[in-house]
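Visitor: return a 3D structure for these sequence lines:
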Amino acid sequence: MKTIASLVLLALLLGSCQNEDTIIPSNDEASATVETQNSQVKNLTAKTVSGNVPSHDPSTIVKSGVNYYVFTTGDNIPMTYSTNLTSWTWGTSVFSSTPSWIAGYVPGFTKTFWAPDVAWFNNRWNMYYSCSTFGSATSAIGLVTTPAISQSAGTTWTDRGVVVSSSTASDVNAIDPSILVDGSNVYMAYGSWHAGIGVVPINVSTGKPSATRTIVAGGNSASWEAPCLIKEGSYYYMFVNRGTCCNGVNSTYYIVVGRSTNVYGPYLDKNGVALTNGGGTTVLATQGNYIGPGHLSRITGTQKGAVHYYDGADSGNPKLEIVYFTWSSGWPTLSY
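Guide: Residues are numbered from 1 along each chain as shown. Next up is the predicted model:
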């Protein structure tokens, strides 16, 4: 088991970055935020999640049967499970072989999938996953489904093929899906750098888009990726990562938010600046040994969620941690 964990962790560290090798953003805002947070919290270390299971780009945590499940970047989509959100154990990965359709959309893709997300609708679990190669705009998001998730190899995943794809840097990069089930409607936010973050409506029966995407954040190859789309009250909230990931203790990820009464935007921050115009209110940044938090999700029906962070007390290795949403005057804050 330690050998498996080591191999997956190596894949996470070497294979899970998206475009940071080719695009260098300005990190002034991130650096200022990090400095402020570090002046407030000097020695914060992980205390909620125990064990040494690495995690990068965690999916929404879901519950099937007695277990909670989280899926992450790595070979064949690694999975861990827990009965209490604290002690996590390795389960069986989603794939035993790479779906054949991927080679036609992402030449050179190997078995290291990125940033899955999972949601329950149409009487099944729907998992969206990312296929790309390091630093490339040639990407695709695929879909697999199952009626029930198990920690063992008993889970039967049915691959449903491509959901969205991209081939040029002028398009929304087809990675980092985030699924929102809003009553009878389903939406997917996705994107990384390049043209920014897009939102598409999802056909509940097929799990595929029913219209073209709308760009709601970022653009011009700025550092926007890993969206998390949620709804609270009458507002939709778009959380997005700024800065860069995948550099261990040197990662500069931080999370910003904007809100809108329309799922397609415009999303404005507390100062009224649109996320398509550089806006975004910071809700979580580096604090002590919690370095570069990113890839936020919220556990459906709760005020709990999850992020990964780079553990300053463990050579910058990526870890899972539970976060808590609190609300004031319609605006969220996040805390460990």
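
Visitor: tell me where the model's unsure across the stretch 51-200 of the chain.
Guide: 51-52 (pLDDT under 70).

Visitor: which residues in it form helices?
Guide: Under the criterion DSSP state H, counting those that start in this stretch, the stretch 51-200 of the chain contains helices at 102-105.

Visitor: longest strand in the protein, please.
Guide: Longest among the strand segments of the chain by residue count, using DSSP state E, is strand 317-328.

Visitor: who does that strand touch, helix- and strand-wise?
Guide: helix 2-15, strand 290-298, strand 304-311, strand 331-335 (3 or more CB pairs under 8 Å, 6 or more residues apart in numbering; DSSP states H and E). Where you see a C-beta, it was placed from the backbone N, CA and C, and this is true even at glycine.

Visitor: what about it, distance to the chain center?
Guide: Remark: strand 317-328 is offset 13 Å from the chain centroid, using CA atoms, centre = their mean, to the nearest Å.

Visitor: now do that strand and strand 290-298, the angle between them.
Guide: Between strand 317-328 and strand 290-298, the angle comes out at 60 degrees (axes from the mean of the first three to the mean of the last three CA atoms, to 10 degrees).

Visitor: and the residue nearest the centre of the protein?
Guide: For the chain, the residue nearest the mean C-alpha position is His295 (3.7 Å; CA atoms, centre = their mean).

Visitor: beta partners of Ile197?
Guide: Beta bridges link Ile197 to Ala217 when assigned by DSSP bridges.

Visitor: contacting residues around it?
Guide: 172, 189-191, 215-218, 224-225, 227, 238, 240, 275 (CB atoms under 8 Å, 6 or more residues apart in numbering).

Visitor: how about those in CSV, adding distance to Lys319 and neighbour count?
Guide: Below are the contacts of Ile197 laid out as CSV (distance: CB to CB, whole Å; neighbours: other CB atoms under 10 Å):
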residue, distance to Lys319, neighbour count
Val172, 29, 28
Ala189, 24, 29
Tyr190, 24, 30
Gly191, 25, 33
Ile215, 32, 18
Val216, 29, 30
Ala217, 26, 30
Gly218, 26, 26
Trp224, 23, 29
Glu225, 19, 31
Pro227, 21, 27
Met238, 25, 24
Val240, 21, 29
Leu275, 28, 29
